[in-house]
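Engineer: give me a 3D structure for the following:
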Amino acid sequence: MHLYCIGIDYRSAPLEAREAAYRKRLRIAEFWRRHASGEAAMLVTCNRIEVYVIARTKDDALRQSEQFIRYFAEFRLGYVLSGQEEVFTHALRLACGLESQLKGEWQIVEQLKHWIAQPGMPYLPTKLFSEALSLAKVIRQKVGLAEQGDSIADLVLSDIQEKFSPSVQPEIAVVGTGKIAELFTKQRTAEGRISFVAHKHYALARAFAAKTRSKAISFIELPCVLKNTDVVISATASPHFVIKKEIVTQALAKRSRPLYLYDLAMPRDIEPAVAELPNAVLYNLDDLSGLFGLRNQRLRRQIDLVEYLAKEAAGEYRGVWNEGNSENRHTAERACL
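Structural biologist: The predicted model follows:
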């Protein structure tokens with residue numbers, strides 16, 4: 001039995017290639033249903049798509065991965081992690097937030113917990129990630145990242161604040177009702193007045209609005225929103241552009257001040273051609289890499305310590321995949337304390 005991972009992420013491939021892979025998620029899942037007999041699991045976050053596969057032998061794994069890449073050429077830009085040791089080390093780094101754009105982020109922990117709790121998850125990756133999450137919790141607590149509150153919402157709102165004078169409270173519209181949109185319900189509204197725009201899940205938008213003492217807006221009102229708001233933050237799960245150049249062009253014709261747009265979705269929500277319009281300022285996830293870098297630098301000392309502890313713990317954890325072997329986990333945890 002040979003466990004391996006084939007993936008693509010923000011460091012290995014440009015946004016366009018990752019987006020193409022995201023749009024093929026259903027086809028990717030179907031490929032592995034046919035070729036891995038249920039012994040595969042796909043992890044999807046805003047930063048990455050990874051498939052964890054259990055093959056009979058290492059040679060089988062090589063043949064499977066080569067065949068997959070022939071069908072899905074985007075993954076030529078990605079990476080392959082071969083064997084349980086490499087996969088576990090990667091799982092631990094993921095759980096510690098070391099593989100995220102926002103280093104040490106806590107949202108990845110919830111994503112991984114939800115992922116391994118899905119029905120039909122293969123036993124081995126479930127076990128490895130469960131152990132990695134347990135060990136990462138110890139490391140995070142040791143370093144002080146367990147309570148780290150930074151999220152992408154914090155960074156975006158800070159960036160927005162810098163674009164307006166202290167006396168101005170910009171009007172902010174968040175399009176979508178997913179996990180990223182929910183992060184904005186946890187923010188203080190001093191940075192601006194936040195409204196939530198929804199199509200299918202209007203009731204959820206109303207719940208978000210109630211938490212922030214703001215308002216919920218139906219998606220059919222989007223043209224009016226674009227005409228009157230200062231900032232649009234879009235983070236839906238739509239496979240298509242939900243904000244197109246035509247509608248933004250019409251809105252800009254009726255306003256004189258800039259419209260700032262943050263596209264936090266993958267695949268993107270906002271048609272890239274919007275960036276060509278006068279008075280429209282568009283940012284996608286890759287455009288925000290500078291913000292991520294500044295924040296990561298601020299936590300450089302903590303991140304370096306997490307890197308060290310994760311590497312040391314992974315080295316002590318060679319037997320984690322042997323069923324019933326808990327001694328390695330305790331040894332690795334002691335190495336972190």
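Engineer: CA atoms for contacts and neighbours, from now on please.
Structural biologist: Fine.
Engineer: how about the helices in the stretch 201-337 of the chain?
Structural biologist: Under the criterion DSSP state H, counting those that start in this stretch, helices of the stretch 201-337 of the chain are mapped to 202-212, 222-228, 245-252, 289-298, 300-315, 327-336.
Engineer: mind putting these into a markdown table with mean neighbour count and mean pLDDT?
Structural biologist: Shown next, in a markdown table, are these (neighbours: other CA atoms under 10 Å; pLDDT from 0 to 100):
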| stretch | mean neighbour count | mean pLDDT |
| --- | --- | --- |
| helix 202-212 | 19 | 91 |
| helix 222-228 | 18 | 93 |
| helix 245-252 | 16 | 96 |
| helix 289-298 | 14 | 90 |
| helix 300-315 | 18 | 93 |
| helix 327-336 | 17 | 50 |
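Engineer: now do the SS call for S100.
Structural biologist: coil (DSSP: H, G, I helix; E, B strand; the rest coil).
Engineer: pLDDT score assigned to it?
Structural biologist: S100 carries a pLDDT score of 93 in this model.
Engineer: tell me the domain ranges of this protein?
Structural biologist: Domains of the chain are assigned by automatic domain parsing as 2-147+301-317, 152-270.
Engineer: got these as JSON lines, with distance to L282 columns?
Structural biologist: Listed next are the domains of the chain as JSON lines, based on distance: least, CA to CA, whole Å:
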{"stretch": "domain 2-147+301-317", "distance to L282": "15"}
{"stretch": "domain 152-270", "distance to L282": "5"}
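Engineer: which one's the longest helix in the chain?
Structural biologist: helix 123-143 (DSSP state H).
Engineer: return the set of buried residues in it.
Structural biologist: 124-133, 135-140, 142-143 (16 or more other CA atoms under 10 Å).
Engineer: chain center to it: distance?
Structural biologist: Relative to its parent chain, helix 123-143 has a centroid offset of 18 Å by CA atoms, centre = their mean, to the nearest Å.
Engineer: could you check the angle helix 289-298 makes with the helix or strand just after that helix?
Structural biologist: For helix 123-143, the succeeding helix or strand toward the C-terminus, using DSSP states H and E, is helix 152-163. Calculated by axes from the mean of the first three to the mean of the last three CA atoms, to 10 degrees, helix 152-163 forms an angle of 110 degrees with helix 289-298.
Engineer: for the protein, give me the ranges with low pLDDT.
Structural biologist: Low-confidence segments of the chain (pLDDT under 70): 146-149, 187-192, 318-337.
Engineer: can you rerun that using 50?
Structural biologist: 190-191, 321-324, 326, 329, 334-335 (pLDDT under 50).
Engineer: ok, the most far-flung residue of it relative to its centre to K245 distance?
Structural biologist: The C-alpha centroid of the chain is most remote from K254, which lies 34.8 Å away (CA atoms, centre = their mean). To K245, K254 is 15 Å away according to CA to CA, to the nearest Å.
Engineer: switch the helices of the stretch 201-337 of the chain over to CSV; also include distance to G176.
Structural biologist: Output for the helices of the stretch 201-337 of the chain, formatted as CSV (distance: least, CA to CA, whole Å):
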stretch, distance to G176
helix 202-212, 8
helix 222-228, 12
helix 245-252, 17
helix 289-298, 22
helix 300-315, 31
helix 327-336, 40
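Engineer: of all those helices, which one is nearest L77?
Structural biologist: helix 289-298 (19.3 Å; CA to CA).
Engineer: distance between that closest one and the chain's centre?
Structural biologist: 16 Å.
Engineer: so which elements touch it?
Structural biologist: Applying 3 or more CA pairs under 8 Å, 6 or more residues apart in numbering; DSSP states H and E, we find helix 289-298 packed against no helix or strand.
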